[in-house]
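I'll drop the sequence and a predicted model, then ask my questions.
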Amino acid sequence: MKQSMMLIPTLREVPSDAEIKSHQLLLRAGFIRQNASGVYIYLPLAKRVLQKVEQIVREEMDATGAVELLMPTLQQAELWQESGRWYTYGPELMRLHDRNNREFALGPTHEEVITNLVKDEVKSYKRLPLSLYQIQTKFRDEKRPRFGLLRGREFIMKDAYSFHSSKESLDEVYNQIFQAYSNIFARCGLNFRAVIADAGSIGGKGTHEFMVLSDIGEDTIAYSDTSSYAANIEMAPVITKYEKSNEPVKELEKVLTENQKTIADVSAFLNVSPEHCIKTLLFKVDEKFVLVLVRGDHEVNDIKLKNIFDADMVELADPEETVKILGCTIGSLGPVNVTGVEVIADHAIGAIVNGVCGANEEDYHYINVNPGRDFTVTRYEDLRFIQEGDSSPDGEGTILFAKGIEVGHVFKLGTKYSEAMNAVYLDENGKTQPFIMGCYGIGISRTMASIVEQFNDEKGIIWPVAVAPFEIHLVTVNVKDEVQSSLTENLYNELNQIYDVLWDDRQERPGVKFADSDLIGLPVRITVGKKASEGIVEVKVRQTGEMFEIHTSELISKVT
Ligand code: ATP
Ligand code: MG
Ligand code: MG
Ligand code: MG
């Protein structure tokens with residue numbers, strides 16, 4: 001491809017609103033442009049990277065036996081009402097009307113659509129297991145779209161869904177897709193960890209997140225230096241140092257009022273509507289634990305929790321009241337600072353204290369605090385908040401903390417959606433059974449940004465070969481020079497048969513060409529300059545900076 005025919009609008013200046021490397025570099029190197037907040041145009045170079053990432057994803061998914069389809073972005077409200085998520089998903093769901101005033105959503109994910117499809121089209125256990133996937137644009141009205149492609153409101157996702165007649169079958173496919181994900185991120189060149197996340201109300205150990213290690217990551221993970229142990233750290237709010245009172249709940253409410261917090265503040269902070277706030281809260285008031293339950297949501301785990309913490313139980317009928325007294329949240333948003341209330345447990349490990357769930361869904365950010373579900377805990381004192389340097393729970397290494405970017409998420413859904421939507425098949429005995437399901441997501445556009453986040457230097461991006469928009473940058477120093485031009489053209493024709501070659505045939509100063517080349521970051525640069533008359537060109541490896549001169553005849557025989 002000739003560069004003069006491309007659209008690669010590079011920038012010399014660092015755009016002022018771009019805080020992190022990948023956002024800055026993707027803008028500067030002419031890969032993306034913002035169209036609206038959290039909405040981006042993928043320029044030609046970015047489109048090529050996306051295609052390469054997608055190709056890797058397709059190859060690995062296909063190898064698991066999954067098949068590709070494409071579902072609509074525009075989704076009828078009825079399906080979401082059937083699953084219940086129309087009411088619980090919150091403001092992240094982009095909703096709209098058609099001309100007849102029918103309600104729709106722009107898909108943030110596709111469990112409803114696919115469950116409905118399989119419900120209609122698959123009637124017998126003989127057709128199971130079945131795995132389907134798509135690569136498609138998703139919409140989420142994120143409260144804080146930021147960091148460029150890392151948290152967009154419109155982004156590209158690969159989402160897969162599997163359907164089974166037994167838990168064993170789900171486990172098998174889950175493990176295959178887990179392996180496929182490991183292959184995908186390894187092939188993208190990423191330094192990542194697969195971590196255990198909390199499965200929330202669904203329970204069990206059926207969810208892992210794939211985290212790209214990066215200081216700008218929004219998640220904190222704990223992992224073992226020498227073994228495979230790795231978990232997402234999710235928080236359990238345990239509040240202490242509160243004035244003694246016989247009426248702890250009223251007192252907490254007072255704290256909120258004193259600190260001029262309102263329902264709106266807290267609900268905005270939580271990023272959920274008031275009616276979908278936390279169901280169970282555990283406070284430590286003076287030396288006494290208080291468990292606050294809302295809407296009579298007594299689950300077994302709440303009772304367990306009460307016993308473990310020897311807590312007073314307070315029940316609130318009105319969820320809004322909970323929001324009022326809240327002043328803290330569970331989940332990725334971190335603790336809020338209400339004066340006089342100190343959060344003592346902002347580092348509870350997901351696998352040890354189940355503060356929140358996988359956070360794959362709006363619900364999952366605030367479901368029960370669940371020690372005792374995945375491990376045995378009988379007393380509060382036995383709960384250990386993991387620290388760096390501790391030995392890992394498997395006893396085989398030392399715990400390290402790292403920040404991570406969630407690029408993938410695999411989840412055993414069980415029958416959550418099939419039951420809600422009455423999606424059943426006939427088993428061997430002719431009995432109807434709900435499908436057992438798994439779901440598996442990869443942020444394609446987020447993966448591209450994560451690669452840039454991990455591979456760059458002060459000059460620009462350093463693309464790993466497997467995902468580079470082009471493999472070779474062929475640069476003619478002076479295009480007006482006949483010898484240089486014709487030598488480059490010959491080289492281009494040869495190399496282009498084997499590699500993706502970007503030929504800088506522009507009439508620009510050499511300084512501009514080299515700066516752009518480093519910024520764009522293709523793995524290999526071949527420069528045709530003054531020594532063209534001798535048939536000699538210069539090769540530069542972007543990653544190492546290694547440079548050498550080589551005769552074109554040798555170069556061609558080397559690469560072909
Ligand atoms: P996060 O915790 O970052 O909000 P999520 O848990 O809500 O992500 P999932 O529902 O698990 O995301 O979606 C599957 C994948 O889609 C994620 O692992 C991530 O790679 C990608 N993704 C999710 N939200 C966004 C977004 N706003 N912009 C870009 N990619 C996203
Ligand atoms: Mg998440
Ligand atoms: Mg997730
Ligand atoms: Mg999210």
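Structure's in. What do you need? Ligands and ions are numbered 1, 2, ... in the order given.

need the helices for the stretch 401-550 of the chain, in chain order.
Here the stretch 401-550 of the chain has its helices, by DSSP state H, counting those that start in this stretch, at 416-420, 444-454, 482-495, 510-520.

next: the stretch 1-150 of the chain.
Secondary structure of the stretch 1-150 of the chain by DSSP H, counting those that start in this stretch: the helices cover 21-28, 44-63, 77-83, 85-88, 111-121.

need those in a markdown table (columns: mean pLDDT).
Below are those laid out as a markdown table (pLDDT from 0 to 100):
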| stretch | mean pLDDT |
| --- | --- |
| helix 21-28 | 98 |
| helix 44-63 | 98 |
| helix 77-83 | 94 |
| helix 85-88 | 81 |
| helix 111-121 | 98 |
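
pLDDT score for Glu321?
With respect to pLDDT, Glu321 scores 40.

sorry, that was for Lys143
So, for Lys143, pLDDT stands at 84.

over to the one 10 residues further on?
According to the model's per-residue confidence, Arg153 sits at a pLDDT of 98.

what does the one 10 residues further on give?
According to the per-residue confidence, Phe163 scores 98 in pLDDT.

doesn't it lie inside a helix?
No - under the criterion used here (DSSP: H, G, I helix; E, B strand; the rest coil), Phe163 is strand, not part of a helix.

using CSV, write out every CA atom in stretch 108-120.
Extracted C-alpha coordinates of stretch 108-120, given in CSV (Å, rounded to 0.1, in the frame of the first residue of the first chain):
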residue,chain,number,x,y,z
PRO,A,108,-24.5,-3.8,25.2
THR,A,109,-24.4,-7.7,25.1
HIS,A,110,-26.5,-10.4,23.5
GLU,A,111,-27.6,-13.0,26.0
GLU,A,112,-31.3,-12.2,25.4
VAL,A,113,-31.1,-12.3,21.6
ILE,A,114,-29.2,-15.5,21.5
THR,A,115,-31.2,-17.3,24.1
ASN,A,116,-34.3,-16.4,22.2
LEU,A,117,-32.8,-17.6,19.0
VAL,A,118,-31.7,-21.0,20.4
LYS,A,119,-35.1,-21.3,22.2
ASP,A,120,-36.8,-21.2,18.8
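
now check that stretch, is it near ligand 2?
No - Stretch 108-120 does not reach ligand 2 (Cβ under 5 Å from the ion); its nearest approach is 11.8 Å. Every residue, glycine included, has its C-beta placed from N, CA and C.

buried ones in that stretch?
Pro108, Thr109, His110, Glu111, Glu112, Val113, Ile114, Thr115, Asn116, Leu117, Val118, Lys119 (16 or more other Cβ atoms under 10 Å).

list the residues that contact Arg48.
Pro469, Phe470, Asp500 (Cβ atoms under 8 Å, 6 or more residues apart in numbering).

any of the residues you listed buried? List them.
Buried among the contacts of Arg48 (16+ other Cβ under 10 Å): Pro469, Phe470.

nearest to ligand 2, out of the contacts of Arg48: which one, please.
Pro469 (28.2 Å; Cβ to the ion).

from ligand 1, how far out is that closest one?
20 Å (Cβ to the nearest ligand atom, to the nearest Å).

quick one: that residue and Gly521 touch, right?
No - using Cβ atoms under 8 Å, Pro469 makes no contact with Gly521, being 9.0 Å away.

tell me, what's touching the two both at once?
Common neighbours of Pro469 and Gly521 (Cβ under 8 Å, 6+ apart) are Trp463.

just the helices of the stretch 1-150 of the chain: most buried one?
When you average the neighbours per residue for each of these (mean count of other Cβ atoms under 10 Å), helix 21-28 leads with a mean of 24.

kind regards, and thank you for your time.
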